[in-house]
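S.K.: pasting a predicted model and its sequence here:
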Amino acid sequence: MKKIFGIAALIAAIQVSSSFAFAEKVNQLSDVRVRQAIAYAIDMETIADTLLEGKAIAADSMIPNGAWKAPGLDNYGYNPDKARALLKDAGWDDTQTLDVVYYYGDQLTADLMVALQAYLGDVGIKITYRKLEGDVGGQLGKLATAGSETSAIEWDMAYGAKAALALQEYYNGYQSGKNSYSPGSAQVDKLISRINGTVNVKEQKQAFVDFEKYENKNLTDIPLYYQQLFVYESDRINRHGGSYGNEQFNYDWGLLDWTVEADKDGKRVAYTNTAPSQFFEHPWLNPGITIQQKITFDRLLTADGSLVPTKGQLAKSFKVSKDGMSVSFELKKDLKWHDGFDLTGSDVKGSVELAMKVPGINAVFAKTFESIEGAQDYTSGGVKGVSGIVVDGRKVTFNFATLDPNMLLTFSQFPPLPMHLLGSVNPLEFQQQSYWQNPVGSGPYKIEEVQMNDFVRYTPFADYHGGIAKIGEIVSFPSGENDANVLKNAAAGRLDFGFTKSVGDVKALEAMENMKVVPADIPYTRSLRMNSYPKKP
């Protein structure tokens, strides 16, 4: 079908209005035909190819491409004639103006708003748009009062992103009473309960497929595009078959076998970024976001590039009970911390108990830990330990009071920490401990030298349970996404591997002869949230 707009001409042609108006009490966005019409009216393929410079994938579901993707979904390809027909069937009132909000401050988002205004205007849907300021979370997610038939939010559509460690995070918020922009229903609640009601991976996948098919027709959110993660590496690095994937959360990347070309002095040093500026960020809030979290700590399990737990890391083996209410880990023999102390089951138990009282840990971790037997008694201060965590030699068993479908995912992301160094700390001051100036871990590399806000030097851990890493030294510098030093260091041969979601970084890195960029699908979806509640009188 003919595309009606070139993006550059579209942006130049539209004059942005500063006023906005709300629909009347009868909210036509509650009509699924209107939501489908909006999806058909937006030429997301052209937007992805132009505004997003080909570095995004047009979406057909909130869940990105990968092992959990439902087959045969309608991708709502650009079809303005079908959009107009759906609006006509729904009795669309073309005198109203819809209020669209967003919270990003970049030029790309501003250009996208202009494009959406033009595409929707072409089929007879008038919109204005505005950037949210102040309490953005409250304006997006304020829940209606219990029993209310109207929404507590004051917008018609909201452009934003949802990222997830566990895919349940995409859909659990759609449950009745938990969603600020969709009333929910018994059918939705039943579908979501199936997703959360099993730890069996095959059953989980089927439950997700069924929910995706439902959402694909009903469009609580209109998925627009998937933002990818881009793995980059220099021509000095050889992974020797090591995998690519969701580089942040995938720890099974074959790092031990990587090699790097020798420099002019004959040293085999690899360079990367995300070194600390003031302190090392603890890995229980944003796991895997820095190189130190990835190479100085180990987890009980590893997950593949699709975040499916696959095999043991610290654990030699693991076993889940048939009812999913218990999991046991058999630790490997002779595990060591970098300072030579033994790593034991008490470190695993103590780390989980400490994490339960540390403020602001990752939501997936928190949900797993609060599901363990005795967790509530422990966090309330009534007992000294969690009764559901049992240590018997090298065997650590977790018994659950309520089923948590993501417990294996949690144990593939949560690294135990040395309790001989952290066992007596105040959980409320966890990140402030001197430990985070030079942390001791159990991973394949240990910290050899720290110069805060300058560099960190890592060397192979001689007693690592998986063997000695082949790269003799890793040096990291304190730069991250959208940081000019990423490109400066790459051009100077001082950046050998890392990852980014910045389109600007990717385009510049691809232009360098010494760099290779590999795209990876990750759970990160941009969408339009549709306020389908009735309007206030």
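M.R.: Great, that's in hand.

S.K.: what ranges in the stretch 351-500 of the chain fall below the confidence cut-off?
M.R.: 482 (pLDDT under 70).

S.K.: the chain now?
M.R.: Ranges of the chain meeting pLDDT under 70: 1-25, 144-148, 305-306, 482, 536-537.

S.K.: same thing but at 50, please
M.R.: 1-2, 4, 10-24 (pLDDT under 50).

S.K.: what domains does the record give for it?
M.R.: 7-226+525-530, 229-520 (automatic domain parsing).

S.K.: reformat those domains as TSV; add mean neighbour count.
M.R.: Any C-beta I mention is one placed from the backbone N, CA and C, and that applies to glycine too. Output for the domains of the chain, formatted as TSV (neighbours: other C-beta atoms under 10 Å):
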stretch	mean neighbour count
domain 7-226+525-530	18
domain 229-520	18
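
S.K.: secondary structure class for the residue nearest to residue 515 when sequence neighbours are not counted?
M.R.: Once flanking residues are discounted, residue 515 sits nearest to residue 509: 4.8 Å by C-beta to C-beta, 6 or more residues apart in numbering. Three-state call for residue 509 (DSSP: H, G, I helix; E, B strand; the rest coil): helix.

S.K.: tell me if I'm right that residue 509 and residue 232 touch.
M.R.: Yes - counting by C-beta atoms under 8 Å, residue 509 does reach residue 232; the two are 5.1 Å apart.

S.K.: what is in contact with these two at once?
M.R.: Counting by C-beta atoms under 8 Å, 6 or more residues apart in numbering, the residues touching both residue 509 and residue 232 are 490, 500, 515, 517.

S.K.: quick check: phi and psi at the second one.
M.R.: What it means is residue 500. With angles defined as degrees, to the nearest 10, residue 500 sits at phi -150, psi 160.

S.K.: ok, now which ones touch it?
M.R.: So residue 500 contacts 229-230, 232, 481, 486, 506, 509 (C-beta under 8 Å, 6+ apart).

S.K.: give the contact list for residue 374.
M.R.: Residue 374 sits in contact with 383, 385-389, 401, where contact means C-beta under 8 Å, 6+ apart.

S.K.: ok, it to residue 196 distance?
M.R.: 21 Å (C-beta to C-beta, to the nearest Å).

S.K.: likewise residue 338?
M.R.: Distance of residue 338 to residue 196, given as C-beta to C-beta: 38 Å.

S.K.: ok, which pair from the shared contacts of residue 509 and residue 232 is furthest apart?
M.R.: 500 and 515 (11.6 Å; C-beta to C-beta).

S.K.: intersection of neighbour lists for the two?
M.R.: Joint contacts of residue 500 and residue 515 (C-beta under 8 Å, 6+ apart) are 232, 509.

S.K.: wait, isn't residue 281 in contact with residue 288?
M.R.: No - using C-beta under 8 Å, residue 281 is not in contact with residue 288, being 10.9 Å away.

S.K.: please enumerate the strands of the stretch 1-150 of the chain.
M.R.: 56-58, 97-102, 126-131 (DSSP state E, counting those that start in this stretch).
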